[in-house]
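Undergrad: Sequence first, then the predicted structure:
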Amino acid sequence: MSFIPRSALDVIMDITIEWGLSSTPPGTRASCSLGEGTKVSAQLKPEVLDECFFAVGPLHSYPASETNGKFGMYWLENPPFDAPALGQRMESLLPEMTAFFRDDDPTYRIFIRRNIQKCVSSRGLHRGFVFAWTKVVPRDEDEIEEFLIHETIHNWPRLGFSISGPTQEELADGWFNEGIAEYYSLILPYRFGIWSEEEFIRRMNIRISGYYTNPDREVKNRDVQEKFWKGGHVNRIPYQRGFMCFMKLAYQLKKAGGRSLDELILEMVGLRRQEKPHGITIWLAMLEVELGGPDSVTEYHSMSNAVPIILPSDCLRVTEDLEWSLRREDQEEFYLGFPEDCLRDKPAVVRNLDPESRAAAAGVRNGDLITPQYSFFVIAERWERTFDMIVRRSGLDSSEGFKVLSWSPRSRKKVESYQFIQE
Ligand SMILES: [Zn+2]
């Protein structure tokens, strides 16, 4: 953000943001990450201004009338999901999360904007977060809530760099940062009573299924960055593998009887807050002390090298005192039925359709023109969800030539997977 000139001094200063709204239409409101109103003051380093979001106009908000408290959520055009309900849930969760991570300031503001294009990009900065919705692909309320909680967690645990400079792992630190955000975005809402036990297990099983049925699950950590934006499902690996890694560590640490995963993570958060080194060597050294030996380092390298992580069947019994067991339940791998590259081609046209696939059985044909109204980002992780695609095809009865096709985007071959079941 460069529209506010700021001091280059690296010291805490009295900062005031004032808006001149006298010439704006009635009902115009102004807000930023630091607060709502025509005059907002805070004591911060000036560099924080680069990390603030600003919104002005006929804003809707949660809470509805004014947001002078610690929490606010803002939007201009009403989104297709229940924004006030989402705001209410986030408002109740945030003070608990802040307290858990021993942060003394629960201030947090969320900004929602509509994107005309098919893009649902998002960004988290200083005690604030912005995300987009689009009419091109509707977003699932379930998914938005999980995603917001995940992004909020990023405020606290984050892997830093080692004293001697960043290692390769720290530069490709996705597994730690995304994994711990995935872990706590499930565990904390359950512990805080936001989700019931059944709801927690349902979401847990989705995560586990996503990990095992990802067709790119054999890509190693060091290759993830290079392949991250090249399509496929590599971009989910840091999230899924990191999540499984922390699930296993929580179990191992609890079994070892020393400090828990929570305690170790809080120490890492504390080091980050004090601007002390909190890189991978620090983290591995902590694990070595707690788990009594070099095995934790060996396991870490196995995880990095894409060796499948198998959780013990009594994992949740030990870590969260829950009467659920993990059982092997093989599941079908994600599989569209034609190369996913077709979706990114311009124009996007179905080619090399697998005649044995469920897509073919659902009526997809080579040569179908694929319209942008599809999304498999969420569906790929949600076992048993169908994939919807609108195609354009000449010779169809309707004047526009559009056809809605729907199928289970799964291979008919099952791969090793696990799910929690109640016994
Ligand atoms: Zn993230």
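TA: It's in.

Undergrad: How many neighbouring residues does P26 have?
TA: Neighbourhood size, P26 [other Cβ atoms under 10 Å]: 5. C-beta: built from backbone N, CA, C; applies to glycine.

Undergrad: Name the SS class of it, please.
TA: Taken by DSSP: H, G, I helix; E, B strand; the rest coil, the conformation at P26 corresponds to coil.

Undergrad: Nearest residue to the closest residue to the ion within the stretch 1-150 of the chain in space, please, no chain neighbours.
TA: Closest contact between the stretch 1-150 of the chain and the ion, by Cβ to the ion, is at H150 (5.5 Å). Distances taken as Cβ to Cβ, 6 or more residues apart in numbering place S185 nearest to H150, at 4.2 Å, with adjacent residues excluded.

Undergrad: How about the contacts made by H60?
TA: Applying Cβ atoms under 8 Å, 6 or more residues apart in numbering to H60 gives the contacts 74-76, 78, 83.

Undergrad: what does P79 give?
TA: By Cβ under 8 Å, 6+ apart, the contact list for P79 reads 112, 114, 133.

Undergrad: related to what we said a few turns ago, tell me the SS of the residue of the stretch 1-150 of the chain closest to the ion?
TA: The three-state label given to H150 by three-state DSSP is helix.

Undergrad: can you count the residues close to it?
TA: Neighbours of H150 under the rule other Cβ under 10 Å: 18.

Undergrad: and it, what does it touch?
TA: Neighbours of H150 in contact, by Cβ under 8 Å, 6+ apart: 181-182, 185.

Undergrad: Could you export these as TSV, including neighbour count and pLDDT?
TA: Output for these, formatted as TSV (neighbours: other Cβ atoms under 10 Å; pLDDT from 0 to 100):
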residue	neighbour count	pLDDT
A181	25	94
E182	26	95
S185	23	94
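
Undergrad: Now, those residues that are in strands?
TA: When DSSP state E defines the strands, the subset of the contacts of H150 inside them is empty.

Undergrad: and the residue nearest to H150, how far is that from Q240?
TA: Look at S185 and Q240: by Cβ to Cβ, to the nearest Å, they are 13 Å apart.

Undergrad: how close does the residue nearest to H150 get to H278?
TA: For S185 relative to H278 (Cβ to Cβ), the value is 20 Å.

Undergrad: cool, and N78?
TA: Going from N78 to H278 by Cβ to Cβ gives 41 Å.

Undergrad: repeat for L94
TA: Distance, L94 to H278, using Cβ to Cβ: 23 Å.

Undergrad: Show me what counts as buried in the strand or helix carrying C342.
TA: Following DSSP states H and E, one finds C342 within helix 341-344. Across helix 341-344, burial judged by 16 or more other Cβ atoms under 10 Å covers 342-343.

Undergrad: Contacts made by that helix with the rest, please.
TA: Contacts of helix 341-344 (Cβ under 8 Å, 6+ apart): 231, 348-352, 370, 374.

Undergrad: Swap in 6 Å and give it another go.
TA: 350-351 (Cβ atoms under 6 Å, 6 or more residues apart in numbering).

Undergrad: So which residues of the stretch 301-423 of the chain form helices?
TA: With DSSP state H, counting those that start in this stretch, the ranges of helices along the stretch 301-423 of the chain come out as 315-320, 341-344, 358-361.

Undergrad: for the last one, the distance to its chain's centre please.
TA: What that stands for is helix 358-361. Distance, stretch centre to chain centre, for helix 358-361: 30 Å (Cα atoms, centre = their mean, to the nearest Å).

Undergrad: Send me that helix as CSV with only the CA atoms.
TA: C-alpha atoms of helix 358-361 as CSV (Å, rounded to 0.1, in the frame of the first residue of the first chain):
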residue,chain,number,x,y,z
ARG,A,358,-16.9,-41.6,-14.6
ALA,A,359,-16.7,-38.4,-16.6
ALA,A,360,-17.3,-40.3,-19.8
ALA,A,361,-20.2,-42.2,-18.1
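
Undergrad: Check which residues of it are buried.
TA: Buried-residue list, helix 358-361, by 16+ other Cβ under 10 Å: 358-360.
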